[in-house]
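>>> Have a look; sequence and predicted model below, questions after that.
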Amino acid sequence: MQLKQVKLHQIRMKLNAPFVTSYGAVQDRESIIVEMEDDQGVIGWGECVAFSFPWYTEETLQTCRHMMADFLIPILFQQPLAHPDEVRQRFLPVRRNQMAKAALEGAVWDVYAKHKMMTLSKVIGGEKEKIDVGVAIGIRPLEMMLDEINNALAEGYKRIKVKIKPGLEHELLGGIRKHFPNLPLMADANSAYCLDDIDLLKSLDEYQLMMIEQPLGVDDLVDHAKLQKRIKTPVCLDESIVSYECAQKAVELGSCKVINIKTGRVGGISEAKRIHDLCQQNDIALWGGGMLEAGVARAHSVAIASLPYFTLPADTAGSSRYWEQDIIEPEVTVHQGAIHVSNQPGLGYHINRNRLEAVTVQKTTFIKDK
Ligand code: MG
């Protein structure tokens, strides 16, 4: 594979409803869609899932654009690639910047799978024909949350994740448990607590949550290990796990019993696969998180969740839950709480070029020097 051209389509799409976390609300979702072409004319797609504001990790759309344009794309143009796993090695001289790396690496995987005439799922080792999915519900008044849970259950979603923040945790979780005593329920704090809150976090054990996600610092492993020893609820790490090495340290320290893999956050599919294998070897439960993605990253998420050890429902809901119209055809749909893994080569979804054009706010093309 010799890459010859990369186009970055910066898009802006309005979420059907604002998504509220412990940090604030997102409604206008910007992303960068990567269109990559090799010298055989095969086109692959990737998506940068960084947000416009660095509330989730330190990366933003603009830092990713800078990294891709000035460092990562020139590295990819340097010489041909025999396999997408080489991208991770090639990018090693650039520290961190995982979401920028993952956006390009994802497109390389799509080109590679299309050359092999295989689905992205199969080419990365996926085995499942369908993946179970759940929904994530942002912070909102309890009555609205209960309505949303009822709707999600009626649509067949397999588990519910709710965002929480200090001061609202008992009201929300207690209220939900009262109405849904047996619901597979988890809570995501997006790092809103500290170790001083240990008694409060311990008091959440009564709700028998499947897990509590990222209660403490975004880059912490040590305090999470102390917390996990004191509470019954399994701790799930999200923001803290940015690489295989981080995951390895978390396992060694006992920082969590569950890991949420987001391909963007860990720097790409190759790294996600390594973490998948590590979790399998160490009995750490595993699932795939969501980033309010447009269709390209949503399709990547479906492929990664088809790996055999993704045993808990993923946060990859159907496109229509987020968007009036997605940029892929067909859109990702959910039937009885599951998404069928496409059997078409590559991502398994076509890009709706008209829709992509309509939501693009900026486009830049990079061409390999002859
Ligand atoms: Mg999370």
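On my side now, so go ahead. Note that the structure is a prediction, hence the values are computed from the model and not measured.
>>> Which residues of the stretch 151-300 of the chain lie near the ion?
By CB under 5 Å from the ion, the residues of the stretch 151-300 of the chain that approach the ion are Asp188, Glu213, Asp238. All C-beta atoms are positioned from the backbone trio N, CA, C, and that covers glycine.
>>> tally of neighbours for the second one?
The local packing count at Glu213 equals 27, with neighbours defined by other CB atoms under 10 Å.
>>> show me the contacts for the residue nearest to Lys229 when sequence neighbours are not counted.
Closest residue in space to Lys229, ignoring its immediate chain neighbours: Gly254 at 7.1 Å, by CB to CB, 6 or more residues apart in numbering. Listed by CB atoms under 8 Å, 6 or more residues apart in numbering, the contact set of Gly254 reads Ala225, Gln228, Lys229.
>>> Over to Ile131?
So Ile131 contacts Val302, Ala305, Ser306, Phe310, Pro313, Ala314, Thr316, Ala338, Ile339, Val341 (CB under 8 Å, 6+ apart).
>>> Going along the chain, name the strands of the stretch 51-200 of the chain.
130-132, 135-137, 160-163, 185-188 (DSSP state E, counting those that start in this stretch).
>>> In TSV, list those strands along with mean pLDDT.
Below are these laid out as TSV (pLDDT from 0 to 100):
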stretch	mean pLDDT
strand 130-132	96
strand 135-137	92
strand 160-163	95
strand 185-188	97
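>>> closest one to Glu329 among these?
Taking CB to CB, strand 130-132 is the member of the strands of the stretch 51-200 of the chain nearest to Glu329, at 19.6 Å.
>>> Can you list the strands that the closest one pairs with?
Here strand 130-132 is paired, per DSSP bridges, with strand 338-340 (antiparallel).
>>> after the partner strand, next one along is what?
strand 350-351 (DSSP states H and E).
>>> looking just at contacts, which helices and strands does the following helix or strand past that next one meet?
Counting by DSSP H and E, the element after strand 350-351 in chain order, helix or strand, is helix 353-359. Packing partners of helix 353-359 (3 or more CB pairs under 8 Å, 6 or more residues apart in numbering; DSSP states H and E): strand 3-21.
>>> Does the strand it packs on reach the ion?
No: Strand 3-21 stays clear of the ion (CB under 5 Å from the ion), getting no nearer than 8.1 Å.
>>> Count residues in the vicinity of the one residue in the stretch 201-350 of the chain that gets nearest to the ion, would you?
Nearest residue of the stretch 201-350 of the chain to the ion (CB to the ion) works out as Asp238 at 3.7 Å. Using other CB under 10 Å, Asp238 has 21 other residues around it.
>>> now Val361
Neighbour number of Val361 under other CB under 10 Å is 9.
>>> Now the helix or strand containing it: average pLDDT?
For Val361, the element it lies in under DSSP H and E is strand 360-367. Taken as a whole, strand 360-367 has a mean pLDDT of 98.
>>> Name every sheet partner of it and say whether each one runs parallel or antiparallel.
strand 3-21 (antiparallel).
>>> And the next helix or strand past the partner strand?
strand 24-38.
>>> partners of the helix or strand following that next one in the sheet?
Later in the chain than strand 24-38, the nearest helix or strand by DSSP H and E is strand 43-48. Strand pairing for strand 43-48, using DSSP bridges, gives strand 24-38 (antiparallel).
>>> Quick one: distance of the strand it pairs with to the chain centre.
On the basis of CA atoms, centre = their mean, to the nearest Å, strand 24-38 sits 13 Å off its chain's mean C-alpha point.
>>> for stretch 1-11, same thing?
Mean-position distance between stretch 1-11 and its chain equals 21 Å (CA atoms, centre = their mean).
>>> What residues sit buried inside that stretch?
With burial defined by 16 or more other CB atoms under 10 Å, the residues of stretch 1-11 counted as buried are Met1, Leu3, Lys4, Gln5, Val6, Leu8, His9, Gln10, Ile11.
>>> that older thread, what separation do you get for the residue nearest to Lys229 and Leu237?
11 Å (CB to CB, to the nearest Å).
>>> before we move on, the earlier item: per-residue pLDDT, the residue nearest to Lys229?
pLDDT, read off for Gly254, is 98.
>>> Start the count at 877 instead of 1 going forward.
Understood, numbering begins at 877; the last thing we discussed is Gly1130.
>>> list the contacts for the residue lying closest to Asp1073 once chain neighbours are set aside?
Nearest residue to Asp1073, sequence neighbours excluded (CB to CB, 6+ apart): Pro1042, at 7.2 Å. Taking CB under 8 Å, 6+ apart as the contact definition, Pro1042 lies against Ser898, Ala1068, Tyr1069, Asp1073, Leu1076.
>>> Drop anything exposed from those.
Taking 16+ other CB under 10 Å as the criterion, what is buried in these is Ser898, Ala1068, Tyr1069, Asp1073.
>>> and which of those residues is nearest the ion?
Closest to the ion, out of all of those and judged by CB to the ion, is Ser898, at 10.0 Å.
>>> could you measure that closest one against Lys1149, distance?
30 Å.
>>> just the helices in the stretch 977-1126 of the chain please.
Along the stretch 977-1126 of the chain, the segments classed as helices by DSSP state H, counting those that start in this stretch run 996-999, 1018-1030, 1045-1055, 1074-1079, 1098-1106, 1120-1129.
>>> Go through the ones you listed and pick out the most buried.
helix 996-999 (a mean of 23; mean count of other CB atoms under 10 Å).
>>> State whether Val925 and Val1142 are indeed in contact, as I suppose.
No: if you go by CB atoms under 8 Å, Val925 and Val1142 don't touch, sitting 11.5 Å apart.
>>> shared neighbours, those two?
In contact with both Val925 and Val1142: Ala978, using CB under 8 Å, 6+ apart.
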